[in-house]
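*Asks:* Next come a sequence and a model predicted from it.
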Amino acid sequence: MQGQVILTASSVESPISTWDLQTGVHLSSFKSNASPRNGLCCLGKDYLVSAQTSKDALQFWAWHKDQVLQRSFAMESITAL
C-alpha cells in the first residue's frame, strides 16, 4: 500500500476497513474484530495489529491478507497500543 489511508474499527465485532485518504475509495477489509479506542495501529510497513476487547489478545494481519496472520494472548486486557 502506498499513500495515506484511514483505518476504521469498532468496539463491537465488525471488519476493520481501510480507505484512501485522498479519494475516499474503500481499499480493503480485514475479518471480524472488536477493538477498544486506540487499540489499532500499524506495525512497520507490512502489518496491522489490533487489541481485542473481549479476548485479552492481539491480532496481527498482513496488508495483503484479510485473515488473521497471528494471535498473541496476554494475561490481562490490552486497552491501548
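*Replies:* All right, it came through fine.
*Asks:* Report how far apart the opening and closing residues of stretch 49-67 are.
*Replies:* Stretch 49-67 has its terminal residues 12 Å apart, counting by CA to CA, to the nearest Å.
*Asks:* how much space is there between the residue positioned nearest the centre of the chain and residue 68?
*Replies:* For the chain, the residue nearest the mean C-alpha position is residue 50 (4.5 Å; CA atoms, centre = their mean). Applying CB to CB, to the nearest Å, the value for residue 50 to residue 68 is 9 Å. Placement of C-beta: from N, CA and C, glycine included.
*Asks:* Please name the bridge partners of residue 61.
*Replies:* Beta-bridge pairing for residue 61 (DSSP bridges): residue 48.
*Asks:* thought it was touching residue 48?
*Replies:* Yes: using CB atoms under 8 Å, residue 61 is in contact with residue 48, at 4.6 Å.
*Asks:* what sits in contact with each of those two?
*Replies:* 16, 30 (CB atoms under 8 Å, 6 or more residues apart in numbering).
*Asks:* in this structure, which spans are strands?
*Replies:* Using DSSP state E, the strands of the chain run over residues 5-8, 14-20, 26-33, 40-43, 47-51, 57-62, 70-73.
*Asks:* and the second one, which strands flank it?
*Replies:* Within its sheet, strand 14-20 is paired with strand 5-8 (antiparallel), strand 26-33 (antiparallel), according to DSSP bridges.
*Asks:* Okay, now the unreliable bits of the chain?
*Replies:* Residues of the chain meeting the criterion pLDDT under 70: 1-2.
*Asks:* ok, 90 please
*Replies:* Scanning the chain for pLDDT under 90 picks out the ranges 1-20, 24, 26-46, 48-59, 61, 63-68, 70-81.
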